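Output the structure for:
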Amino acid sequence: RSYAELTGKTLAVIKGKARPGDFAFVQRKKKGEADEAYVLTIKQTAQAEAHSLRGLQWAASTLLQMTRQNASLPQGVAQDAPAYEMRGFMIDCGRKFFPMSYLRNLVKTLGYYKMNTLQVHLNDNGFRQYFGDDWSKTQAAFRLESTTYPGLTAKDGSYSKAEFVALQQLADSCGVEIIPEIDVPAHSLAFTQYKPEIGSKEYGMDHLDLFKPETYAFVDGLFREYLEGKEPVFRGKRVHIGTDEYSNAKKEVVEKFRAFTDHYIKYVESFGKQAMLWGALTHAKGDTPVKADNVVMSCWYNGYANPVDMKKQGYRLVSIPDGAVYIVPAAGYYYDYLNCHYLYNSWSPANIGGAKFEEGDPAVMGGMFAVWNDHAGNGISVTDVQDRVFPAIQTLAAKCWSGSHVT
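Numbers count the residues shown, from 1 in each chain. Predicted structure coming up:
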């Protein structure tokens, strides 16, 4: 399919012995081989060997790239494997709606560059000061169809459950995992505009009130809608629960936030998923235990979660440092376009906001970059965002695949 889309030529798929000029794909078992590794041998045939289908997918991506760059394929043998398990991109759909057609094209592009993760940030809100300091008028959106809470889904753009399932199926065929994110208990104005009684009167209506049982009943119901059943809406192995930027003004609030975080890690796990969360447990340092084993933390700012401490606590870390890989279009802070020259030459996922780990440290699961649409309605189009995203995909793909040894 990818070859046809790129070249306009459809290749026949057959089983049997390869003939000169064929592309051959062989799945074989090799003890100790990395899951996404592959060997590519180009002589009279171009033969890819790997022990996993994902490895064969990446071999196909390499062949596609070589086909576009060369009239004929150079002969030889190449062994290839990624330095990092997770290589991805996070897109903020809460503050800006992206049509499903764009997300579908995005996963094809990610797969072409061997980026294996797309995190879809499904809810968020604008900043109150740009909406007359009125929470009721501040932009907020939850982008996924909900039957548990009719009327919750944004009116200015959303995804049906069927569309979201189809996106995950397409992504899987491209070697990409979709990680859906429901961001709670901050960034939650879409939920409090729908159900004002669960909003915090003390810390702002973009904060859920962690001291009300109704809050937990609501959030439980929301996650359950997409996680329960034999064929849930969230099909992948991971779900992101948010948990960033909640107030730490009082110790009792910190302890309640930690308990909330622990509850939703375990709640997601009860449906057979691995939980991911934003790093906030240095900001919310306290006594209440929060589960760390088999939990993935998106480390974005060391003041919120010190990566060295989080490693000691047992979290797997995803490097997504705001000072290096955050795009906020036309905002005047962070990056409008990433500094790809710097990233290519000087950064790898082992560098998390200045905390430097050894390449290959098992605690560092991988790296990602993000687009945040903080300034809702600022005139930035989907095309404008794509113009910023494309060179970042190319750069981060190289760095997350090869680490500091990229050539």
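
Next, the contact list for residue 146, please.
152-153, 222, 225 (CB atoms under 8 Å, 6 or more residues apart in numbering). The C-beta positions use only the backbone N, C-alpha and C, and glycine is treated the same way.

Over to it. Which of the three states is it?
coil (DSSP: H, G, I helix; E, B strand; the rest coil).

Okay, it and residue 192: tell me how far apart.
Applying CB to CB, to the nearest Å, the value for residue 146 to residue 192 is 15 Å.

ok, now residue 159?
Counting by CB to CB, the gap from residue 159 to residue 192 is 22 Å.

before we move on, what about residue 121?
According to CB to CB, residue 121 stands 18 Å off from residue 192.

Equivalent analysis for residue 93, please.
Counting by CB to CB, the gap from residue 93 to residue 192 is 19 Å.

Same check on residue 226?
Distance from residue 226 to residue 192, counting by CB to CB: 20 Å.

From the contact counts, what lies against the top helix by length along the chain?
Looking across the chain with DSSP state H, the single longest helix is helix 382-402. Helices and strands touching helix 382-402, by 3 or more CB pairs under 8 Å, 6 or more residues apart in numbering; DSSP states H and E, are strand 86-92, helix 100-112, strand 326-327, helix 340-346, strand 364-371.

Residues touching that helix, excluding its own?
Residues contacting helix 382-402 (CB under 8 Å, 6+ apart): 82-84, 86-89, 96, 98-99, 102, 106, 109-110, 113-115, 325, 327, 329-330, 336-338, 340, 343-344, 347-349, 366-369, 371, 373, 406.

count of neighbours near residue 252?
For residue 252, the number of neighbouring residues by other CB atoms under 10 Å comes to 11.

Helix, strand, or coil at it?
helix.

pLDDT at it, what is it?
With respect to pLDDT, residue 252 scores 97.

Residue 34 too?
Residue 34 carries a pLDDT score of 82 in this model.

Give me the distance between it and residue 45.
Using CB to CB, we find residue 34 at a distance of 24 Å from residue 45.

hey, where'd the helices end up in the chain?
Under DSSP H, the chain gives helices at 2-7, 53-69, 100-112, 161-173, 189-194, 213-227, 251-269, 307-313, 322-325, 340-346, 382-402.

So which elements touch the fifth one?
Secondary-structure packing of helix 189-194 (3+ CB pairs under 8 Å, 6+ apart): strand 123-125, strand 140-142, strand 204-208, helix 213-227.

Repeat the analysis, applying 10 Å as the threshold.
strand 123-125, strand 140-142, strand 177-184, strand 199-200, strand 204-208, helix 213-227 (3 or more CB pairs under 10 Å, 6 or more residues apart in numbering; DSSP states H and E).

and the residue nearest to residue 242 when sequence neighbours are not counted, what pLDDT?
Counting by CB to CB, 6 or more residues apart in numbering, residue 183 is the residue found nearest to residue 242 once chain neighbours are left out, at 3.2 Å. Residue 183 is assigned a pLDDT of 98 by the prediction.

Same check on residue 4?
If you check residue 4, the pLDDT there is 69.

Same check on residue 242?
For residue 242, the predicted pLDDT is 98.

Okay, it and residue 261: tell me how far apart.
9 Å.

can you check residue 177 too?
23 Å.

Need the overlap of contacts for residue 242 and residue 261.
184-185, 277-278, 280 (CB atoms under 10 Å, 6 or more residues apart in numbering).

With distance to residue 128 as extra columns, can I get the helices of the chain in JSON lines?
JSON lines is the format used below for the helices of the chain (distance: least, CB to CB, whole Å):
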{"stretch": "helix 2-7", "distance to residue 128": "44"}
{"stretch": "helix 53-69", "distance to residue 128": "44"}
{"stretch": "helix 100-112", "distance to residue 128": "28"}
{"stretch": "helix 161-173", "distance to residue 128": "29"}
{"stretch": "helix 189-194", "distance to residue 128": "9"}
{"stretch": "helix 213-227", "distance to residue 128": "20"}
{"stretch": "helix 251-269", "distance to residue 128": "20"}
{"stretch": "helix 307-313", "distance to residue 128": "30"}
{"stretch": "helix 322-325", "distance to residue 128": "21"}
{"stretch": "helix 340-346", "distance to residue 128": "33"}
{"stretch": "helix 382-402", "distance to residue 128": "24"}
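
Could you say which one of those helices comes nearest to residue 301?
Closest of these to residue 301 is helix 322-325, at 5.3 Å (criterion: CB to CB).

What is the burial count for residue 272?
9.

Which pLDDT value belongs to it?
Per-residue pLDDT puts residue 272 at 98.

just use 23 as the starting number from now, easier for me
In the new numbering, first residue 23, that becomes residue 294.

so who does it touch?
249, 254, 259 are the contacts of residue 294 under CB under 10 Å, 6+ apart.

so which of those comes closest to residue 271?
residue 249 (31.9 Å).

Next up, the contacts around the residue nearest to that closest one when sequence neighbours are not counted.
Of all residues not flanking residue 249 in the chain, residue 293 sits nearest, at 3.9 Å (CB to CB, 6+ apart). Neighbouring residues of residue 293 by CB under 10 Å, 6+ apart: 245-246, 248-251, 254, 256, 261.

My guess is the residue nearest to residue 264 contacts residue 261. True?
No. Contact criterion CB atoms under 10 Å: residue 205 and residue 261 do not qualify, at 11.7 Å.

Can you check which residues contact both of the two?
Each of residue 299 lies in contact with both residue 205 and residue 261 under the rule CB under 10 Å, 6+ apart.

And for residue 287, nearest residue in space, chain neighbours not counted?
Leaving out its chain neighbours, the residue that sits closest to residue 287 by CB to CB, 6+ apart is residue 297, at 4.3 Å.

ah, wrong one, I meant residue 237
Closest to residue 237 by CB to CB, 6+ apart is residue 220, at 4.5 Å.
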